[in-house]
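Novice: okay, here's the prediction I keep looking at, along with the sequence it came from:
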Amino acid sequence: MKILGKISMGIMVAFLLGACSSLDTGGFDHKKEVEQSKVVNGGYTLDYSFFKRNGLPIPDNYGSRGAAYLTARNDTLRKHGYDFFEVYNEDRALKFYKDLEVEGYGDNSPYWRWKIQLSKDDFFKGIKNNLPKVYKGRPRDVMTLSDGKWKSLNITPSSIGEIKNVEIAARGKSGIATYVLITTNKNKYLVAKELNIRKLFAFNKVSTGSDGDIHLYGAKGGNNKYIQNPIRKNLTLLPSGYFALEYSMGKVTIYGGGNGHGVGMSQFAAYDLAVNHGYRYDKILARNYPNSKLHNMYSLKGVGKTINVGITTPGGWLDHNNVILVSNGKMKIKGAGFSIDVPVRQKVAIVNKGNQLWVSVNGKHRVKTVNPLDITAHGYYITLEGLRRMHTMSPQYRGDMVIKPSNTNSTRIRVINRVKIEDYLKQVVPSEMPQSFGLEALKAQAVAARTYALSDYLKDRYRKDGFHVKDTTESQVYNNQRENEDASKAVELTVGKVLLHNGKPIDAKYFSTSSGFTEASNYVW
């Protein structure tokens, strides 16, 4: 089918996890203790009173001022009386996250409020099991108290000891947990940063040793009750860093809100603003990304019209065992010194035998090469047979394919989709936002996604791999849901539009659901 034809519309599922940034895993030793009890970052003074009150050294994991366009914002309806968390107060935080009556922009999400309850023993087992794993992934932000200082020291299950207490030690202006203190019979440990904390609180059968599932129950705003059936079981990641802890009668209940990192545009809030409050897409963007301006990306120096996308396996790996391609149009395979014409609907099978690509067409061996292959279907979709995506086992791709031997494994293959940026977005936007959110919200999503892609494009952080972005949340989710007419229209009506700050594309972060507040970027990363 020609790519200009209409696309059949699929059923969307709940998937809004938002774009994520990859983390640096280098080690770090805090050589110098910050003497002051408060550090000013991005116009907000982080409250370290918990550390002072408990005679603990002041950590210094939050040193940047953050981006002027990724700021803390209040998404609650002011009639409920909630405002920013300027002062550390766990009683107030617990009250806020337990409040099922509070309403706000995007409170139609079942993740607006949520809770998890487990025994105190399972809670401590889960923390003890997860702490070494979190340290291994981000040693700079998982610290041990040593000689009166917080230091990045190796943590193993045997070195932790018996856990006695787990506490939120500091919060950002939005109420997001910035530090978690773990006290054992041997020492004290401190975990900083949103994603590390969410991994620390990943409770499931494996981490807790529990015989039963760990359930997460959600609630929409103003409903005054949790949804009867759990919305998630056996967490591999806490929905957000917005939560508080309640210990009672041998149990621990985690009350929280939101889904995602909490920086930039809340997608459920964008839906609410568009559908229920009449916001146009440009007004939604202005609210979520202050101090930025709309601009045509194609007028910027060094910006082309195509983008290279690294296509991953179902497990998120770049290396594929083999590749099978087919198209409803004629394909052409070009390599070093050869060209092969492939008739309609004939399968091209490619395997890697010792850093040599062996190419077969319709079951007949045609050529072997150590060089990359360029494959085009002249404007028709190319199907990657057997590749699992959320909506299908064999997804279709716009644009052309580049197939090359893996640079890390002599029997594996790398797949790169070379596609027009606007066509790339037609398979990003429906994968990141449901069609039901409406045209204005989808237009806001299209601009944010285009800006996010442009930022990665210009940074060229995957240069050594030969592409600009990955098809996962490390960049943006691509072709995980079927295209739909509304998402494509949103892309077409905003063609080329991106958000700039000081002449450069912003880091247009977005996420699923707010807890009632969003956070400044410097208190998340």
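Specialist: Now that the structure is in, tell me what you want to look at.
Novice: now for the chain, the helix or strand with the poorest mean pLDDT.
Specialist: strand 38-41 (a mean of 50; mean pLDDT, DSSP states H and E).
Novice: after that strand, which helix or strand is next? Please name it.
Specialist: The helix or strand immediately downstream of strand 38-41 is strand 44-47, counting by DSSP states H and E.
Novice: any idea how far the helix or strand just after that following strand is from the chain center?
Specialist: Using DSSP H and E, the helix or strand that follows strand 44-47 in sequence is helix 49-53. In this view, helix 49-53 has its centroid 32 Å away from the chain centroid, taken as C-alpha atoms, centre = their mean, to the nearest Å.
Novice: buried set for helix 49-53?
Specialist: F50, F51 (16 or more other C-beta atoms under 10 Å). For glycine as for every other residue, the C-beta is placed from the backbone atoms N, C-alpha and C.
Novice: so what secondary structure elements neighbour it?
Specialist: strand 163-171 (3 or more C-beta pairs under 8 Å, 6 or more residues apart in numbering; DSSP states H and E).
Novice: and the helices in the stretch 201-350 of the chain?
Specialist: Residue ranges of the helices in the stretch 201-350 of the chain, as given by DSSP state H, counting those that start in this stretch, are 205-208, 267-277, 281-288.
Novice: buried ones in the strand or helix carrying D456, by neighbour count?
Specialist: Assigned by DSSP H and E, D456 falls within helix 439-459. Residues of helix 439-459 classed as buried: 439-457 (neighbour count, 16+ other C-beta under 10 Å).
Novice: quick one: contacts for N417?
Specialist: Applying C-beta atoms under 8 Å, 6 or more residues apart in numbering to N417 gives the contacts N308, V309, I311, Y397, R398, G399, D400, M401, V402, D471.
Novice: so the last one sits right up against T313, yeah?
Specialist: No: with the criterion set as C-beta atoms under 8 Å, D471 and T313 do not qualify as a contacting pair; they are 10.4 Å apart.
Novice: neighbour count winner among the two?
Specialist: D471 (27 against 14; other C-beta atoms under 10 Å).
Novice: for the more buried one, which non-adjacent residue is spatially closest?
Specialist: Nearest non-adjacent residue to D471, counting by C-beta to C-beta, 6 or more residues apart in numbering: Y478, 3.8 Å away.
Novice: what sits against S109?
Specialist: G218, K220, N259, F268, S512, T513.
Novice: try N54
Specialist: Shown in contact with N54 (C-beta under 8 Å, 6+ apart): no residues.
Novice: one more time with 10 Å
Specialist: With contact set as C-beta atoms under 10 Å, 6 or more residues apart in numbering, N54 has these partners: E167, A169, L181, T183, K188.
Novice: and the third one, bridged to which residues?
Specialist: Beta-bridge partners recorded for L181 (DSSP bridges): E167, L190.
Novice: against F51, how distant is it?
Specialist: Per C-beta to C-beta, to the nearest Å, L181 is found 9 Å from F51.
Novice: overlap in contacts, these two.
Specialist: Residues touching both L181 and F51 by C-beta under 10 Å, 6+ apart: A169, A170, L190.
Novice: so which residues of the stretch 151-300 of the chain form strands?
Specialist: Using DSSP state E, counting those that start in this stretch, the strands found in the stretch 151-300 of the chain span residues 163-171, 177-184, 188-192, 215-219, 232-233, 243-248, 251-256, 265-266, 293-296.
Novice: now, of these, which is deepest in the fold?
Specialist: strand 265-266 (a mean of 28; mean count of other C-beta atoms under 10 Å).
Novice: so what does it touch, helix or strand wise?
Specialist: Contact analysis of strand 265-266 by 3 or more C-beta pairs under 10 Å, 6 or more residues apart in numbering; DSSP states H and E lists helix 267-277, helix 281-288, helix 439-459, strand 510-511, strand 517-518 as its packing neighbours.
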